[in-house]
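J.: Provided below are the primary sequence and the corresponding predicted coordinates.
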Amino acid sequence: MMQNQSPANPELAALRTSYERAELDETAAHADPLLQFAHWLEEAIAAQVPEPNAMTLATVGSDLRPSTRIVLIKGYDTRGIVWYTNYRSRKGQELAGNPFAALQFHWVELERTVRIEGRVEKLSAQESDAYFHSRPLGSRMGAWASPQSEPIANRSVLENEMQRLQAVYGEHPPRPPHWGGYRLLPEQWQFWQGRASRLHDRLRYQLQQGQWLRERLAP
């Protein structure tokens, strides 16, 4: 017996956007993808797009099923892209078993996307400590109180744990041993600029023998 199918949504199918804000040309793009990324990120911040530092992090677990979530970039340099999280979370467990990931920035208002792929490593304890102690007190306590990705009975579990921890640590909680930073070491970058008629600009940078090879991809 055939199962009933959901009704079609003609309004959804008819949604269209014509991308005409800018272009991405090989002659104008930086030869170094990190410099191109820095330029676009600065423009996103200057344009005051909502959360320009938000990025999608994709990981793959031992079951070979991918999962994604939004995290916030907290730094970048020639070594790679940095964020912080709970090492016991689903993403932390998946990175422990498969230390490769992909990141994506989507700045809708600028009609731009940046994708980054590479190997992931943990930051040093000193780097994680420095960032942890720069966070607001509530965020530091939250890193202790939340058993990230684990089922809990209700919100009261978190609130009660926050109160207990405040009594234990006061205003000086140490960094939890299960919380810290990661750095993705880029092996491939892709920069996408929306263009009219779906003929988008798309540049890929691949690391080959220590050098970045830049090439245009069909949209």
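T.: On my side now, so go ahead. Residues are numbered from 1 along each chain as shown.

J.: for residue 102, what are phi and psi?
T.: When read as degrees, to the nearest 10, the backbone of residue 102 gives phi -130, psi 140.

J.: surely it meets residue 58?
T.: Yes: look at residue 102 against residue 58 with C-beta atoms under 8 Å: they come within range, at 4.4 Å. (C-beta placed from N, C-alpha, C; glycine too.)

J.: with neighbour numbers in mind, choose between these two.
T.: Neighbour tally, residue 102 and residue 58, criterion other C-beta atoms under 10 Å: the higher count belongs to residue 102, 20 against 17.

J.: state the distance from the more buried one to residue 177.
T.: In this structure, residue 102 and residue 177 are 27 Å apart, going by C-beta to C-beta, to the nearest Å.

J.: same question for residue 78.
T.: For residue 78, the distance to residue 177 equals 29 Å [C-beta to C-beta].

J.: and the helices in this structure?
T.: According to DSSP state H, the chain carries its helices in the segments 10-13, 33-46, 90-97, 125-132, 137-145, 155-169.

J.: in this structure, where is pLDDT below threshold?
T.: Within the chain, the ranges that satisfy pLDDT under 70 run 1-4, 6-7.

J.: export the strand ranked longest in it as CSV, just CAs?
T.: Criterion DSSP state E: the longest strand present in the chain is strand 179-193. These are the backbone C-alpha positions of strand 179-193, laid out as CSV (Å, rounded to 0.1, in the frame of the first residue of the first chain):
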residue,chain,number,x,y,z
TRP,A,179,35.9,22.0,28.1
GLY,A,180,38.3,23.7,25.8
GLY,A,181,39.2,24.7,22.3
TYR,A,182,39.6,23.2,18.9
ARG,A,183,41.5,24.4,15.8
LEU,A,184,40.7,23.3,12.3
LEU,A,185,43.8,23.3,10.1
PRO,A,186,42.5,24.2,6.6
GLU,A,187,43.3,21.9,3.7
GLN,A,188,40.6,23.3,1.4
TRP,A,189,38.7,26.6,1.2
GLN,A,190,35.8,27.6,-1.1
PHE,A,191,34.5,31.1,-1.6
TRP,A,192,31.0,31.5,-3.1
GLN,A,193,29.5,34.8,-4.3
